[in-house]
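1. mind folding the following:
(3 chains)
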Amino acid sequence: MIRDAWLVLVKDLRLERRAKVGLAQVLPFAVLVLMLFAFALDPDRGVLERATPGLFWVAVLFSAVLTLQRSFGVEADDGVLEALRLSGMSPAGIYLGKVGALTLQLLVLECVLALGVAVFYGTVFRGIGLLVVIAVLATVGIAASGAVYGALAARLRSRDTLLPLLMLPLLAPVLISATRGFEIGLERQATEGWSWAALLGVFALAYLSLGTILFRPLLEDA
Amino acid sequence: MTTVTPSPRPSEAPTGPRGTGSRGTKVLGGAALVGLALTIVYGLFISPPDAQLGETIRIIYMHVPTVVVAYVSFIITAVSSAMYLWKRTEFWDLLGSSAAEIGVVFFAVTIVDGALWGKITWGVFWRWEPRLTTSAVLLLMYIGYLAVRAIPADTRTRATRSAVIGLVAVVNVPIVHKAVDWWRGLHQGRTVLSTIDPEMGGTQLFAMYASLATGLVVFAWLLIHRFRTAYLTERAADVGLDDAIAQRQAEGAEK
Amino acid sequence: MSTTGYIVLAWVVTFGGIGGYAAAVIRRGRKLSAQVAPERRRWM
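-> I've put the predicted structure just below:
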C-alpha cells in the first residue's frame, strides 16, 4: 500500500510539473482573490489587517477546490481512473498518494499566499510554530476530505458546480479552526491556539481514516 | 408491423394496496393526530408563558422536536450508508435516502423556527450563535446529499455515492458542532436552548413532551411512507425497463 | 409584526412545511402505486 501511495504521489506531482496548472492558473487565482478582498474591504481602515487570517484561509479554500477539480478531472477525462482501478493497486494506496500530492501542492500554494498576505496586507508573522502546525493539519484535512469528494464527482459532468457545494460546507470547521488558530498565532498567544490545532488534527485523522476505507467502493462504483 | 401488447396495467388487477398506506401507518397516523391535538392545545393555549422566555417558549415547542427528528434522520442515514456499503442491498439505500430527505425538511423548519425565535428575542432573524450556525452548515451538507442523489446514474453508482456522502457528512457533525461552539459559544448571551428553564414543570413540560413524542411519531409515519414511495419509484423504473425489453424482443422475433 | 404574529408564523411554517411535504409524499406514493403491478407494490 505504501509503495502504491508513493507511485501515485510521484505520478501526480510529475503531472503537475509538466502541466504547471497549479503554478500558472491556481496560484495567480489565489493571489487575485487576495487582491479582490483588498478592493472590497478598504485597505486604509484596518479591516484587512484584522481579517487577514480569514481572508487567507478563504483564498486557500477556493484554490483547494480548483486544485481538486483539476486533480481528478484530468484523470477522469483520460480514463486514468479506470486504469488505476484495473491496475490492481490498493485503493487505499491510491487514495493516500492522491492526498499526499494534494497536500504538497496546497502547502506550496499556502507559502506563496503567506508571502502575498505579508506584502499586500502588511502581516508580520509571529508565533510561527503554531502557524505551521495549523497550516499543515488544516491542509491534510482539506486534502483528505477533498480526495473523497473529488473521486465521487470525478466522472460527473456537473462536477464543477457540485464539488464546491459539497466541499465548502464540509470544510467549514477547518476554516473556523484555521482562522481562529492563525489569529491567535499572529498575536503570539500560542497557548490557546493549540486546541484549534487539535481540532484540525481530529478532522484530518477522521477523514484520512474514512477516506482510506471509502476509496475502494468509490473507485469501483462512482 | 405488429403492435406490442403492454404488460397488464393495475387497473385490470384491482387487488393489492393502493398507495403507500397500511394498517401500521394508519395506527401511527392516528397517534400523530392525537399528539398534534394535544400539542396545539397545550403548546398554544394551556401552558403558561415561561418565566424567562415569555411567549417565545411556544416556538421552542416546535423548534426542539424538529431538530431532534432531523438528528435522528441523519443518524439513520449514516447507519444506512454504512450498512449499504457493507451489504449492498436496496433496502439500506432506500432507507438512507428517505431519511436524508426527511431530515432536510425538518432541519429547514428548525432553522426557520430558530430565526423567528431570534427575531423576537434578539430583534434579528439571524445571529451567528452556535446552534443556528451549525444547523446552517449541516443543512447545506445534506442538501449536497440530495443534489448528488438527484443525478441520473445507475442504481449502484447512485447508491454508492449517496452512502459515501452520508458517512462523510455525519462524521463532520460533531466536528462542526465543536468548532462553532468554541468559536461562538463564548460570545453569546442567550442561545436558543440555554435559556430553557431546567425546572420547567407542569403544563410546559407536558407540552414539550407531547410535541417531542408527536414529532417522533410523525417522523416514523413519514419514513415508512417515504420509504415505500422510494421503493415504488424503483419498481416503476423496472416496469419501464421491462416494457422496453419486451418491445425489443417482440421486434426481434419478427425478423 | 408582533410577538404573537411570529409565534403563529412559526407554527404555520412548521405544520405547513411538514404537512405539505407529507401530502406530497402520499400523493406521489399513490401515483406510483398505480403504475406498478400489485404483487410488486410492497417491499415486504
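2. quickly find the element holding residue 4.
-> Assuming you mean chain A. Per DSSP states H and E, A:D4 falls inside helix A:2-19.
3. my question was about chain C
-> Here C:T4, judged by DSSP H and E, is contained in helix C:3-35.
4. so which helix or strand takes in the nearest residue to B:G144 once chain neighbours are set aside?
-> In space, not counting the residues next to it along the chain, B:G144 is nearest to A:L166; the distance is 4.6 Å by C-beta to C-beta, 6 or more residues apart in numbering or on different chains. For glycine as for every other residue, the C-beta is placed from the backbone atoms N, C-alpha and C. If you go by DSSP H and E, A:L166 is part of helix A:159-170.
5. one more: A:M89?
-> Per DSSP H and E, there is no helix or strand for A:M89.
6. that one against A:D4, yeah?
-> Yes - the criterion here is C-beta atoms under 8 Å, and A:M89 meets it with A:D4 at 4.2 Å.
7. which residues touch B:V68?
-> The neighbourhood of B:V68, defined by C-beta atoms under 8 Å, 6 or more residues apart in numbering or on different chains, consists of B:212, B:215-216.
8. how does it look with 10 Å?
-> B:106, B:110, B:211-212, B:215-216, B:219 (C-beta atoms under 10 Å, 6 or more residues apart in numbering or on different chains).
9. again with B:A37
-> B:210, B:214.
10. distance of it relative to B:W221?
-> Separation of B:A37 from B:W221 (C-beta to C-beta, to the nearest Å): 15 Å.
11. before we move on, what about B:I151?
-> 29 Å.
12. and the pLDDT at the most centrally placed residue in chain C?
-> A centroid search over chain C (C-alpha atoms, centre = their mean) returns C:A22, at 1.3 Å, as the residue closest to the centre. The model reports C:A22 with a pLDDT of 94.
13. what sits closest to it if chain neighbours are left out?
-> Closest to C:A22 by C-beta to C-beta, 6+ apart is B:L222, at 5.9 Å.
14. which strands and helices sit next to the helix holding C:T4?
-> Identification of packing neighbours for helix C:3-35 by 3 or more C-beta pairs under 10 Å, 6 or more residues apart in numbering or on different chains; DSSP states H and E yields helix B:23-40, helix B:57-87, helix B:90-121, helix B:202-254.
15. which helix or strand contains A:T212?
-> With DSSP H and E as the test, A:T212 turns up in helix A:190-221.
16. list the buried residues of that helix.
-> A:190, A:193-194, A:196-197, A:199-204, A:206-208, A:210-212, A:214-219, A:221 (16 or more other C-beta atoms under 10 Å in any protein chain shown).
17. now stretch A:112-129
-> A:113, A:116-117, A:120-121, A:123, A:127.
18. in helices only, show me those residues.
-> Counting by DSSP state H, these place A:113, A:116-117, A:120 in helices.
19. ok, and the closest non-adjacent residue to A:V117?
-> Closest to A:V117 by C-beta to C-beta, 6+ apart is A:T123, at 4.9 Å.
20. for the one you found, phi and psi?
-> phi -80, psi 140 (degrees, to the nearest 10).
21. and for the closest residue to chain B within chain C, the neighbour number?
-> At 2.6 Å from chain B, C:P38 is the closest residue in chain C, using C-beta to the nearest C-beta. Number of residues near C:P38 (other C-beta atoms under 10 Å in any protein chain shown) recorded here: 15.
22. that one contacts B:L232, correct?
-> No - with contact defined as C-beta atoms under 10 Å, C:P38 does not count as touching B:L232 (11.7 Å).
23. rewinding a little: ok, the residue of chain C closest to chain B to B:A230 distance?
-> Distance, C:P38 to B:A230, using C-beta to C-beta: 18 Å.
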